[in-house]
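J.: give me coordinates for this.
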Amino acid sequence: MAEAMMGDTERQIAGGKVLWHFTMSLDGFVAGPDHAMDWMAGTSFRPGLVDEYVETTGAILGGRDGWDAAIDDKRPYGGAWEGPIFVLTHHPEDATPAEGITFLNCDPAEAVRIGLEAAGGKNLEVFSPTIGRRLLELGLIDEIDLHVAPVLLGDGVRLYDNPGGEPIRLHRVGAGDPTSAVNVRYRPTATV
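T.: Next up, the predicted model:
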């Protein structure tokens, strides 16, 4: 049983952290072409995982491309989460207003300050690859929280894209060697 849970992490807690949080395809995409998210259909998560994020998230920071591409339901976690959402954009004047959404035109560090203040001691979740990369460069990401879905997209929006940049070394959170690799094993399914 311990091996089956090897890739899972401890229960999420609210600690005023800045979490760069995504479900990601095995090949590193967090959205399909044009920010499509339909590829996640049929992906299951461990029981209670979504509830943990609903309970521990105080605010969300996202980017304009993802906001504009979001389907009808622009509330995270299937609408189960309520709280402030901040969308970082260079052009807030042409954004379509929505309840609970604040469009920010500031530097990413200021957006984090605003988001953490609004989170009220809970976590600020970052739902943008571009903003997350910038915050990582600024040393403002506390944890990267990924759920690897059993799918290869081949195209779309990558979690982290920094051609020519230096590798960013990470330490795994939880018990064991923080530099150990996470092993996953999947089989291709027959296409329908």
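J.: the longest helix in this protein is where?
T.: helix 108-119 (DSSP state H).
J.: now do that one, average pLDDT.
T.: Average pLDDT, helix 108-119: 97.
J.: just stretch 53-69 next, same as before
T.: So the average pLDDT for stretch 53-69 ends up being 91.
J.: quick one: buried residues of that stretch?
T.: 53-54, 56-67 (16 or more other Cβ atoms under 10 Å). No exception for glycine: its C-beta is placed from N, CA and C like everyone else's.
J.: circling back to that earlier point, now the angle between helix 108-119 and the helix or strand just after the longest helix of the chain, please.
T.: Per DSSP states H and E, helix 108-119 leads on to strand 123-127 as the next helix or strand towards the C-terminus. On the basis of axes from the mean of the first three to the mean of the last three Cα atoms, to 10 degrees, strand 123-127 is oriented at 130 degrees to helix 108-119.
J.: out of the buried residues of stretch 53-69, which comes closest to His171?
T.: Thr56 (20.8 Å; Cβ to Cβ).
J.: if I read this right, the closest one contacts Asn123, doesn't it?
T.: Yes - between Thr56 and Asn123 there is a contact under Cβ atoms under 8 Å: 5.3 Å.
J.: which pLDDT does the model give the closest residue to Trp67 other than its chain neighbours?
T.: Spatial nearest neighbour of Trp67, excluding adjacent residues (Cβ to Cβ, 6 or more residues apart in numbering): Val87 at 4.7 Å. pLDDT for Val87: 95.
J.: for this protein, just list every one of the strands.
T.: 18-25, 29-31, 57-63, 85-88, 101-104, 123-127, 143-149, 157-158 (DSSP state E).
J.: redo those as a markdown table? Include distance to Gly164.
T.: Compiled in a markdown table, those are given as follows (distance: least, Cβ to Cβ, whole Å):
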| stretch | distance to Gly164 |
| --- | --- |
| strand 18-25 | 21 |
| strand 29-31 | 20 |
| strand 57-63 | 22 |
| strand 85-88 | 24 |
| strand 101-104 | 29 |
| strand 123-127 | 23 |
| strand 143-149 | 21 |
| strand 157-158 | 15 |
